[in-house]
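# Got a predicted model here, sequence first, then my questions.
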Amino acid sequence: MSFKWRLLLLCVILSAYPSPPILAQETIAKLLVDKGLAKINVEPRKTITTDVVSVTEEYANKEAYDNKRSKSIKTSRKTITGRPKLGYLNVDELYQAFATRFDFLIENNDSTGVINDVQCALIKFTPKPNLTSKTVTDAFINHTAGKVYINLDNFEIIRIEGGINNHFVTTWRAWWSPIAFDVDVYEFSFSIDYTIFNNVVIEKNLEGMADYEIRNRGIDRHIYTLSNYRIR
């Protein structure tokens, strides 16, 4: 059965439920995301160790970023067990947020996408209104909209990407300091690509960019590449 027919069949089955079309569409989208996350949030994931190469680039402004004129580039290597953190975005918290903080939608005219030659169902997500932010990670997540690409052959998530639509302000405080700073966030984007190891869907590449201002405005870009997976 072709990809489009599988997607159509799933939509027809779920749309048969006694609910308005938009609600049925949201149900389909949430079901697909839940199935994808169930393959990511598994107990064996906690035992997987991997080598991580991280690159942090700093730019003075958007013009310098667009023209790839960085003022510093730092590369580091380390070994971790469990999930990586994407700078300002805690990946575990992002996965948890999918359960309660986002609305999901499959758009009729934009319902598929191709990632690494794999045709996927494309699920769009937007933050629910009136979310409360207690941490900087909360603030980033609560302002993020994006897309989830899911392989309908096995319901595995292939890629998640997102970013903010509007400027927002949050508060940052170091754990050791009583002094807090306002953080203006002008632009933010991220992407996570996945692979399979030992029958577990695991992060392969993570990338994020933030254009923000605390005392001075600047842009940070973080790139994480995972390799050499093994069981702890």
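Good, I have the coordinates. Residues are numbered from 1 along each chain as shown.
# okay, now residue 194: neighbour count?
By the measure other Cβ atoms under 10 Å, the count of residues near residue 194 is 22. Quick note: C-beta positions are derived from backbone N, CA and C, even for glycine.
# correct me, but it touches residue 159?
Yes: Residue 194 lies in contact with residue 159 (Cβ atoms under 8 Å); the separation is 6.9 Å.
# What is the longest helix of this protein by residue count?
The residue-count maximum for a helix in the chain (DSSP state H) belongs to helix 21-38.
# right, and the helix or strand after it?
Downstream of helix 21-38, the first helix or strand assigned by DSSP states H and E is strand 48-59.
# Alpha carbons of the helix or strand following that next one, as CSV, please.
Where DSSP H and E defines the elements, the next helix or strand beyond strand 48-59 is helix 62-66. In CSV, the C-alpha atoms belonging to helix 62-66 read as follows (Å, rounded to 0.1, in the frame of the first residue of the first chain):
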residue,chain,number,x,y,z
LYS,A,62,22.2,38.8,12.4
GLU,A,63,24.2,40.2,9.5
ALA,A,64,27.3,38.4,10.7
TYR,A,65,25.3,35.2,11.2
ASP,A,66,23.8,35.4,7.7
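# I'd like the numbering to begin with 666 instead of 1 from here.
Sure thing, new numbering starts at 666, so read that last one as helix 727-731.
# what residues does helix 727-731 touch?
724, 735, 736, 852, 874, 876, 884, 886 (Cβ atoms under 8 Å, 6 or more residues apart in numbering).
# picking up where we left off before, roughly how far out does the longest helix of the chain sit from the chain middle?
Centroid displacement of helix 686-703 relative to its chain, using Cα atoms, centre = their mean, to the nearest Å, is 17 Å.
# Which residues belonging to it are considered buried?
Neighbour-count burial for helix 686-703 flags 689, 690, 691, 693, 694, 695, 697, 698, 701, 702 (criterion: 16 or more other Cβ atoms under 10 Å).
# same question, stretch 756-775
Neighbour count says stretch 756-775 has 756, 759, 760, 762, 763, 766, 767, 769, 770, 771 buried, by 16+ other Cβ under 10 Å.
# So which of those belong to strands?
Counted as lying in strands by DSSP state E, out of the buried residues of stretch 756-775, are 767, 769, 770.
# Adding distance to residue 897 and pLDDT, write the residues you listed out as JSON lines.
Below are those laid out as JSON lines (distance: Cβ to Cβ, whole Å; pLDDT from 0 to 100):
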{"residue": "767", "distance to residue 897": "31", "pLDDT": "94"}
{"residue": "769", "distance to residue 897": "34", "pLDDT": "94"}
{"residue": "770", "distance to residue 897": "38", "pLDDT": "90"}
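# how about a markdown table for these, with distance to residue 846 added?
Shown next, in a markdown table, are these (distance: Cβ to Cβ, whole Å):
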| residue | distance to residue 846 |
| --- | --- |
| 767 | 28 |
| 769 | 34 |
| 770 | 36 |
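# now, among these, which is nearest to residue 813?
Here the nearest of those to residue 813, counting by Cβ to Cβ, is residue 769; it sits at 8.0 Å.
# What's opposite the closest one in the beta bridge?
residue 790 (DSSP bridges).
# is it true that it touches residue 787?
No: Residue 769 is not in contact with residue 787 according to Cβ under 8 Å; the separation is 11.0 Å.
# Common neighbours of these two, please.
residue 813.
# Tell me if I'm right that residue 776 and residue 785 touch.
No: when contacts are counted by Cβ under 8 Å, residue 776 is not listed as touching residue 785 (9.9 Å).
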